[in-house]
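> quick one, what's the 3D model for this:
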Amino acid sequence: MPSSEKLPAATDAAVVAITRGLAMDAPLAAKSGHQGTAMALAPLAHVLYSRILRHHPGDSSWRNRDRFILSGGHASILQYSMLFLYGYGLEIPDLQAFRQLGSQTPGHPEVGHTSGVEVTTGPLGQGFANAVGMAIAERNLRARFGDDLCDHHTYVIAGDGCLMEGVSHEAASLAGHLGLDHLVCIFDDNKITIDGSTSLTCSDNVAMRFRSYGWNVIEAGEIGEDLDALENMLSLAKDHVGQPTLCILRTHIGFPSPDLTDSHEAHGNPFTAELTARTKDVMGIPNEPFWAPADVVNSVREFAFSRGSQLAKEDQARSAQSPLLSAYDACWQQPDQESVRGLLPSFDSQSNFATRQAIQKVIEASVSAVPGLLIGSADLTGNTGVKVGGQSAHTKSAPEGRQIYFGIREHAMGSALVGMALHGGIVPVGGTFFVFADYMRPAIRLAALSKARCIFVFSHDSVGVGEDGPTHQPVEHLASLRSIPGLQVIRPADSNETSLAWLAALEFDGPTALILSRQNLPLLTDGSAVVHGAAEISRSGKSPVATLIGTGSEVSLCVMASTKLHEAGIETRVVSMPSWERFEAANSEFKESVLPTGSVIVSVEAATTFGWSRFTNFNVGIDRFGTSAPGSVAMDSLGINVDNVVETVKKAIAAKS
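Residues are numbered from 1 along each chain as shown. Below you'll find the predicted structure:
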């Protein structure tokens, strides 16, 4: 259905009024929520869903749909109102349960929870950066497989808060540099934050800022109530070639409230029943909760379904004619485990690679079985093992490239990886030094919350980094990432564990953090410890009296300590535990076989001992910041050495006896 076919003007007006009413009613019922932004943006949202977005309520997973992201997720009632009106499965009872336990309308939009929501938004700026990732994914797939299979836009609504957050700078700079012309951001310029007017805190010239990034900027002005003008603005943005577009839309938060329009009180404080009634009176609609006439709702849904089904049907007809359809489909499928396994390199006893070197060999060997791979780093491509031989750079002029250079933008890289994963068709991999995971933590957390299949590669994983000193030596980072629910953390001990860690990351239903060494490590295992998170790799006698658990580079230290203990007449076994999460998911019998109840168990890890108490009360670790010295010297000075492990095991045995 061409865009010239629109809803009748009377229906348009009714939809805007219904949306504004719901924007007040849902927060009032919940005694919580943000109605002001949703009220102001009701006309824009309606124009997007009725005239601009290529979407189909009957198939919310249609690959070639346009993506819509509400970066200011606090205004979630706006998106929920659209999903209700346009037939995505929400009904009035769902809106009445806004922000309540178990409802389909949580406080901020959550992907996978509510049909029609593309990403989980809330922390300001993250949705904007997710949108950049989605636009990167779309452009890469379009360049590789053609317009007939992939040709859609990403639209994101962002507010002052999104643009104040630093992640927006990094993401906007990257988007401008890459010329992502299928990305459209509408800046809701209402000049209000929770504390008051933006003049309290910010005097940026947003238009100049984005032009400096290389964006096309449309300064639309006061057109927030003019549906045709809004459509024209969005059409111009959509048709612009060579740059992403920022549409600056001057709006008035809380409009048309006679009391709180343009007031910061309209931001996060639900209108009272009296204020709601006064606003509905101005709007000329009944003062009844969740007013939504069935005839209007039904006509909008019929229109949306007819329009969407025709768009999807036309798209599917084009796709079916493409000779690249089979190859494109392969990108959208989870990589076949056996195909990847068959390509993994074999490592022998002479393969004493750093695990950051091993991951590069593993990825290069298996790239043909991972057609959706898009891999890169925040200016540390060669250092972190994510440089893939034979892959061209992903650039503005060569968007088909699968080696992406994010620049020194860890914040944006993390969020973009989430956007790519949730777009689909892409297996996004991003690398940096482990200590800089701090810059990416909001994105990692949202990846876990969203079950986004991202692979975060973190190298230089301990004080073994050496001379750069405590600013660059991760100590608390393993504990920090392990504390994130739904994040798979794997710290392999050698090249074989690195191979199976890559396989585990590709199969996992969510994000994975691979924690890799800077220094070379001896080959000690067959890699099988990765399968269930831990496994015994050696023992010094038939009846060991203690177990040493190591991760990463410290597994070899455990083996050396076990040998020295054996020489002292103390028999031990060594367990490699590359992944707490995978071990915790194993059955109780397996866990008991690896870590027998009541036995003497000592953990050895060049990191804080925080969290190890779930497995043992005896630990060798680093409960302080590191020190500037060569890596081996730093390790030794901080107690990560054979003698300290031996003495700790002896103390543990003595304490038990």
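
> please make it C-alpha for all contacts and neighbour counts, starting now.
Noted.

> what is the longest helix that the chain contains packed up against?
Determined from DSSP state H, the single longest helix within the chain is helix 294-320. Secondary-structure packing of helix 294-320 (3 or more CA pairs under 8 Å, 6 or more residues apart in numbering; DSSP states H and E): helix 9-30, helix 76-85.

> how many neighbours does residue 187 have?
By the criterion of other CA atoms under 10 Å, residue 187 has 21 neighbours.

> where does residue 429 sit: helix, strand or coil?
Assigned by DSSP: H, G, I helix; E, B strand; the rest coil, the conformation of residue 429 is strand.

> distance check, it against residue 418.
Plainly put, residue 429 is 10 Å away from residue 418 if you go by CA to CA, to the nearest Å.

> ok, now residue 179?
Distance, residue 179 to residue 418, using CA to CA: 20 Å.

> ok, residue 424 next?
Noted for residue 424: a distance of 10 Å to residue 418, by CA to CA.

> which of those two has more neighbours?
Legend: neighbour count by other CA under 10 Å for residue 424 and residue 418, higher for residue 418 (34 against 21).

> just checking, the more buried one touches residue 130?
Yes: Residue 418 is within contact range of residue 130, at 6.2 Å (criterion: CA atoms under 8 Å).

> can I get the CA coordinates of the helix or strand bottoming out on mean pLDDT in the chain in PDB?
Least confident element among the helices and strands of the chain, by mean pLDDT, DSSP states H and E: helix 265-268 (a mean of 92). Taking Å, rounded to 0.1, in the frame of the first residue of the first chain, the C-alpha atoms of helix 265-268 are listed here in PDB:
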ATOM      1  CA  GLU A 265       6.800  18.400  36.600                       C
ATOM      2  CA  ALA A 266       5.200  16.800  33.600                       C
ATOM      3  CA  HIS A 267       8.300  14.600  33.100                       C
ATOM      4  CA  GLY A 268       8.300  12.000  35.800                       C
END
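
> can you name every helix or strand that it contacts?
Packed against helix 265-268, as judged by 3+ CA pairs under 8 Å, 6+ apart, are the following elements: helix 36-40.

> quick one: the helix it packs on to chain centroid distance?
27 Å (CA atoms, centre = their mean, to the nearest Å).

> buried ones in the next helix-or-strand element following that helix, by neighbour count?
Proceeding N to C from helix 36-40, the next assigned helix or strand is helix 42-47, under DSSP states H and E. Residues of helix 42-47 classed as buried by neighbour count (16 or more other CA atoms under 10 Å): 42-47.

> go on, stretch 18-33?
Residues of stretch 18-33 classed as buried by neighbour count (16+ other CA under 10 Å): 18-30, 32-33.

> got it, and stretch 49-64?
Across stretch 49-64, burial judged by 16+ other CA under 10 Å covers 49-59, 63-64.

> quick one: which of those is nearest residue 519?
Nearest to residue 519 among the buried residues of stretch 49-64 is residue 63, at 42.7 Å by CA to CA.

> tell me the pLDDT at the closest one?
For residue 63, the model assigns a pLDDT of 98.

> what kind of secondary structure is residue 247 in?
Residue 247 carries the three-state label strand when classified by three-state DSSP.

> sorry, back to before: relative to helix 76-85, how tilted is the longest helix of the chain?
Angle, helix 294-320 to helix 76-85, by axes from the mean of the first three to the mean of the last three CA atoms, to 10 degrees: 80 degrees.

> returning to what we had before: can I get the buried residues of helix 42-47 in CSV with pLDDT?
Shown next, in CSV, are these (pLDDT from 0 to 100):
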residue, pLDDT
42, 98
43, 98
44, 98
45, 98
46, 98
47, 98
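
> where does pLDDT dip in the stretch 301-450 of the chain?
Under the criterion pLDDT under 70, no range of the stretch 301-450 of the chain is flagged.

> all strands for it, in order.
Taking DSSP state E, counting those that start in this stretch as the test, the strands found in the stretch 301-450 of the chain are 373-377, 393-394, 403-405, 427-433.

> so where do the helices sit in the stretch 301-450 of the chain?
Ranges of helices in the stretch 301-450 of the chain, per DSSP state H, counting those that start in this stretch, are 325-332, 337-343, 355-366, 381-384, 410-423, 437-450.

> ok, the stretch 501-650 of the chain next?
Under DSSP H, counting those that start in this stretch, the stretch 501-650 of the chain gives helices at 529-532, 554-567, 580-585, 588-594, 631-637, 642-656.

> list the contacts of the first one.
In other words, helix 529-532. Residues outside helix 529-532 that contact it (CA atoms under 8 Å, 6 or more residues apart in numbering) are 490, 492, 497, 500-501, 504, 535-536, 576-579, 582-583, 585-586.

> buried residues in stretch 221-232?
223-225, 227, 229-231.

> what lies in contact with it?
Contact with stretch 221-232 is made by 40-41, 43-44, 47-48, 51-52, 248-251, as judged by CA under 8 Å, 6+ apart.

> hmm, try it at 7 Å
43-44, 47, 248-251 (CA atoms under 7 Å, 6 or more residues apart in numbering).

> closest one of those to residue 205?
Each of these was checked against residue 205 using CA to CA; the closest is residue 248, at 11.2 Å.

> where does the stretch 151-300 of the chain dip in pLDDT?
Of all residues in the stretch 151-300 of the chain, none has pLDDT under 70.

> what about 90?
Scanning the stretch 151-300 of the chain for pLDDT under 90 picks out 268-270.

> for it, which segments count as strands?
Using DSSP E, counting those that start in this stretch, the strands of the stretch 151-300 of the chain run over residues 154-159, 183-189, 192-193, 196-197, 216-221, 245-250.

> understood, closing this out.
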